[in-house]
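Undergrad: Here is the input, now give the coordinates:
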Amino acid sequence: MANVVITLKIMPSDIPGDLEGISAKAQELITAFGGDGTQEKIEPVAFGVKSLSLTFVADEAGGGTDELESKIRELDGVASCETTDVRRTIG
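TA: Have a look, this model is predicted:
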């Protein structure tokens, strides 16, 4: 099986939201999922709201991200989590 690069977009439930705390907890869940090399990006959305994008590499044999998304949604301060991109790695 190949590796895939997965990007998750997380929206906080509060403004401005504790994106650093959410990121740390989400990265623990990503590691438990089998993800590695997580990169974080905070992006402005509108009116002071910012989203958190986490990109990581995982083995595609691990299956879909539905369970991971569900666990991240259960974290304090998280309003939503969705997979925005999945790509197979080359090489």
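Undergrad: Quick one: distance of the helix-or-strand element of the chain with minimal mean pLDDT to the chain centre.
TA: Least confident helix or strand of the chain, by mean pLDDT, DSSP states H and E, is strand 36-46 with a mean of 94. Relative to the centre of its chain, strand 36-46 is centred 8 Å away, using C-alpha atoms, centre = their mean, to the nearest Å.
Undergrad: Mind listing what's buried along that strand?
TA: Thr38 (16 or more other C-beta atoms under 10 Å). From N, CA and C alone the C-beta is placed, and that goes for glycine too.
Undergrad: so where's the longest helix in the protein?
TA: helix 19-33 (DSSP state H).
Undergrad: Quickly run through the sheet partners of the least confident helix or strand of the chain, with directions.
TA: Strand pairing for strand 36-46, using DSSP bridges, gives strand 49-59 (antiparallel).
Undergrad: what angle separates the partner strand from helix 19-33?
TA: Strand 49-59 runs at 20 degrees relative to helix 19-33, counting by axes from the mean of the first three to the mean of the last three C-alpha atoms, to 10 degrees.
Undergrad: for strand 49-59, the distance to its chain's centre please.
TA: That offset, for strand 49-59, works out to 4 Å (C-alpha atoms, centre = their mean).
Undergrad: just stretch 57-68 next, same as before
TA: From the chain centre to the centre of stretch 57-68 is a distance of 12 Å (C-alpha atoms, centre = their mean).
Undergrad: who's in contact with that stretch?
TA: Stretch 57-68 has contacts (C-beta atoms under 8 Å, 6 or more residues apart in numbering) with 1-6, 8, 29-30, 33-37, 83, 86, 88-89.
Undergrad: how does it look with 6 Å?
TA: 1-6, 33-37, 83 (C-beta atoms under 6 Å, 6 or more residues apart in numbering).
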